[in-house]
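Colleague: Quick one: sequence plus predicted model below, questions after.
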Amino acid sequence: MKRLLIVEDDRALGDGLCLALKDPALELTLCRTLSAARTALGAEDFDLLVLDVNLPDGNGLDLLRRLRDRGDPTPVILLTANDMETDIVAGLESGADDYVTKPFSLAVLRARVNAQLRRGDKTPAQGGPIVLENFSFDFDRMEFRRDGRLIDLSKTEQKLLRLLVENRGRTLPRELLVDRIWTDGAEYVDENALSVTVKRLRGKLEENPSKPRYLKTVYGIGYTWTTGEKEG
């Protein structure tokens, strides 16, 4: 059984989330303050955290940063009324796996929750190839296949692909990708280099690069990898 922690101070919304996400295979815990959430996280392990940003005793991003600083990989979906690009980027750079801005559809949130829980089911053993639908990516052996056929990738394309598939389901900001890919001391990398690398990678992996199914752009923020599964 999966365990989900919801941190939301609005009583009506918190109760509504519990009702919308109720499932025999899911155990729900609802906290209305950061303090209660810290206590719950200290006592139990959870498979997913749905976290409101603005809480009566503090900011949810502080809790998120504390989890990531201590190496806790629990997936986190942020709930926020802040839909400014800077707020969204701040949440993602703090370690959030996804975000939903208020007001939102409960059906959409349920789909996002299911997607994160499925992602946890499919995390491969460290060191082995990552198998996603008809792809097999072995970064240790530098062997990349689609439908069993080898694909030749440059070192830069490999770095980009690895960042995206190891963080699949999470939007990675352009600034983070540039910083992580070009780590050889090149201080003035043209940001267009990332766009070019994305275009080349899509050309090698996507059936229709102009309408990508896997390597998707999140406009104004960055890029994300999706396996193309239908969200339930």
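Modeller: Noted; the coordinates are in hand.

Colleague: shouldn't residue 7 be in contact with residue 62?
Modeller: No: counting by CB atoms under 8 Å, residue 7 stays clear of residue 62, with 11.9 Å between them. Where C-beta positions appear, they are placed from N, C-alpha and C, glycine not excepted.

Colleague: who has more neighbours, the two?
Modeller: Taking neighbours as other CB atoms under 10 Å, residue 7 and residue 62 compare with residue 7 leading, 26 against 13.

Colleague: Pairing partners for the more buried one in the sheet, please.
Modeller: Counting by DSSP bridges, residue 7 is bridged to residue 31, residue 51.

Colleague: got the contact list for it?
Modeller: 31-34, 36-37, 49-52, 55, 60, 63 (CB atoms under 8 Å, 6 or more residues apart in numbering).

Colleague: one step back: need the overlap of contacts for residue 7 and residue 62.
Modeller: Both residue 7 and residue 62 are contacted by residue 34, under the criterion CB under 8 Å, 6+ apart.

Colleague: what about stretch 101-108, start to end distance?
Modeller: Counting by CA to CA, to the nearest Å, you get 11 Å between the two ends of stretch 101-108.

Colleague: i'd like the first residue to be 58 from this point on
Modeller: Sounds good: first residue 58 from here, last item stretch 158-165.

Colleague: mean confidence score for that stretch?
Modeller: Taken as a whole, stretch 158-165 has a mean pLDDT of 82.

Colleague: Can you tell me what sits against it?
Modeller: Stretch 158-165 has contacts (CB under 8 Å, 6+ apart) with 73, 74, 77, 136, 137, 138, 139, 140, 145, 157.

Colleague: chain center to that stretch: distance?
Modeller: In this view, stretch 158-165 has its centroid 17 Å away from the chain centroid, taken as CA atoms, centre = their mean, to the nearest Å.

Colleague: Stretch 195-214 now?
Modeller: Using CA atoms, centre = their mean, the offset of stretch 195-214 from its chain centre is 23 Å.
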